[in-house]
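In: Structure for the following, please:
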Amino acid sequence: MPQRFPGSAPSLLLLAIGLAVGGAAHSQETPSWSVSGFGTVGLVHSSEHRADYTSSVMKYSGAGATRAWSGDVDSRLGAQLDVKLDHRWSAVLQVVSEQGLYNTYRPRVEWANVKYQATPELALRLGRIALPIFLAADYRKIGYAYPWVRPPVETYGTVPITSSDGVDATWRWDAGPVRNASQFFYGHDDPPLGDSVHGRARNMIGVSNTSDWGALSVRVNYMRADVTIDVGQQLFGAFDAFGPAGEAITRRFAIDHKRVDIANIGLNYDPGAWFVTAEAGRTHMHSLLGATRSLYASAGWRVGPFTPYLTWSHVHATVATRAAGLPLDALPAPYRGQAALLNAGLNVLLATIPQQTSAGAGLRWDLHTNTALKLQYDRVTPHDGSRGTLINPLPDFRSGHSADVVSLAFDFVY
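Out: Prediction:
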């Protein structure tokens, strides 16, 4: 199990509830609460039999190598409790069940925070909060809220972490006809990476601003954090045994207190009968996770209950995805074989930096109130030696081959 740290969501939430109850105790207002929920029942097929197509690297499996058809890629169930103590204090708890790296649907607390509305323009929150990185940050888990079966994986897959344990402040202000919401946040996260891999993100600090002007919405954000993931520890321990040259490789590539910088801009224009949306992002991990730039654009038309749409998405590395490693010629002959194996292992890890292009088309059918049926086709092409966003590659996987991915999803909210 991942290591727990002080300031986790449960302890933060208990502290916040104590503050909220204390603050609301003097109010004459009657508290109220409501329960809502959402879910997706999905089925995905991939023609790539040497790796799994999935919606997130935080999944255990997908469609393709593990099984030709998979219900684990998009299926999830969520429930949300909203509590309003008075006109200033409120709280929210959201729990989501979906496949994770443990190959279970064990529910996870996605949100758990208390909000204090200090003024009509300023709100403060404490607890587990949605990470405000993308246009769909506040409803990323709610399939009914967006037109596609899933947000484009080439962009959203670059930041699989979806929440932060900490504090934030949101200030709403106007600039002429433009309504703005500026959010400042600080926190940490301990993502569930599996039984054998532990990770933590510390000093997550960032700012996000959303500007709405009629049918146009623009969101700009920046975040930085210190990340540690114990991937490749044995590999880097072996590199260190080769002295200064190996230690330099460890310092460069090991994910040990490495700074991560993430910047993103997205826009959505939706006058009602049609929509155009696009996002561009840059992620720099300062480690073997590398640096990428991503972009997608999508457009759709609404004809009665039907919404056909097109999407193009791309992610590419902005750093080298291969490294020379240890200089073999400078080593004594008995050590060259081991050094060559270490260099090959390092390049296997670097090849996980996603480089991929997808083109897709889909149809959303709003069957009834709060329900939608979606059919989507994607042509997915990992390239430049990368496995793209695919997981569980087999030894004979080859980059550069396109996969046909067909997805069917039934979304609902209640």
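
In: C-alpha only now, for contacts and for neighbours.
Out: Noted.

In: and stretch 396-410, which residues are buried?
Out: 399-400, 402-410 (16 or more other Cα atoms under 10 Å).

In: in stretch 83-100, what's buried?
Out: 83-86, 88-100.

In: what's downstream of the longest helix along the chain, the next helix or strand?
Out: Criterion DSSP state H: the longest helix present in the chain is helix 333-350. Using DSSP states H and E, the helix or strand that follows helix 333-350 in sequence is strand 356-368.

In: just to revisit the earlier point, and the longest helix of the chain, what does it pack against?
Out: On a contact count with 3 or more Cα pairs under 8 Å, 6 or more residues apart in numbering; DSSP states H and E, helix 333-350 meets helix 233-240.

In: Distance from the helix it packs on to the middle of the chain?
Out: 29 Å (Cα atoms, centre = their mean, to the nearest Å).

In: continuing past that helix, what's the next helix or strand?
Out: That would be, after helix 233-240 and using DSSP H and E, helix 244-253.

In: pLDDT, distance to Thr30 and secondary structure added to the buried residues of stretch 396-410, as CSV?
Out: Rendered in CSV, the data for the buried residues of stretch 396-410 read as follows (pLDDT from 0 to 100; distance: Cα to Cα, whole Å; DSSP: H, G, I helix; E, B strand; the rest coil):
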residue, pLDDT, distance to Thr30, secondary structure
Ser399, 95, 60, coil
Gly400, 95, 61, coil
Ser402, 97, 58, coil
Ala403, 97, 56, strand
Asp404, 98, 55, strand
Val405, 98, 51, strand
Val406, 98, 50, strand
Ser407, 98, 46, strand
Leu408, 98, 44, strand
Ala409, 98, 40, strand
Phe410, 98, 38, strand
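
In: would you turn these into a markdown table with distance to Val153?
Out: A markdown table is the format used below for the buried residues of stretch 396-410 (distance: Cα to Cα, whole Å):
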| residue | distance to Val153 |
| --- | --- |
| Ser399 | 17 |
| Gly400 | 17 |
| Ser402 | 15 |
| Ala403 | 14 |
| Asp404 | 15 |
| Val405 | 13 |
| Val406 | 14 |
| Ser407 | 13 |
| Leu408 | 16 |
| Ala409 | 16 |
| Phe410 | 19 |
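
In: in the chain, which helix or strand is least confident?
Out: Lowest by mean pLDDT, DSSP states H and E among the helices and strands of the chain is helix 9-24, with a mean of 58.

In: I'd guessed Thr170 sits against Ser208; true?
Out: No. Taking contacts as Cα atoms under 8 Å, Thr170 lies outside contact range of Ser208: 9.2 Å.

In: where do the contact lists of these two overlap?
Out: 182-184 (Cα atoms under 8 Å, 6 or more residues apart in numbering).

In: Any quick ChimeraX command for the buried ones out of the residues you listed?
Out: Applying 16+ other Cα under 10 Å to the shared contacts of Thr170 and Ser208 leaves a buried subset, and the ChimeraX line that selects it is:
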select :182,183,184
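
In: Now flag whichever of the shared contacts of Thr170 and Ser208 is closest to Arg150.
Out: Using Cα to Cα, Gln183 comes nearest to Arg150 of the shared contacts of Thr170 and Ser208, at 25.2 Å.

In: The closest one looks like it's in a strand, true?
Out: Yes. Counting by DSSP: H, G, I helix; E, B strand; the rest coil, Gln183 falls inside a strand.

In: which residues does the closest residue to it other than its chain neighbours bridge with?
Out: Spatial nearest neighbour of Gln183, excluding adjacent residues (Cα to Cα, 6 or more residues apart in numbering): Thr170 at 4.3 Å. Note on Thr170: beta-bridge partners Ala123, Gln183, judged by DSSP bridges.

In: neighbours around Thr170, how many?
Out: Applying other Cα atoms under 10 Å, we find 20 residues neighbouring Thr170.

In: wait, what's in contact with it?
Out: 121-124, 181-184.
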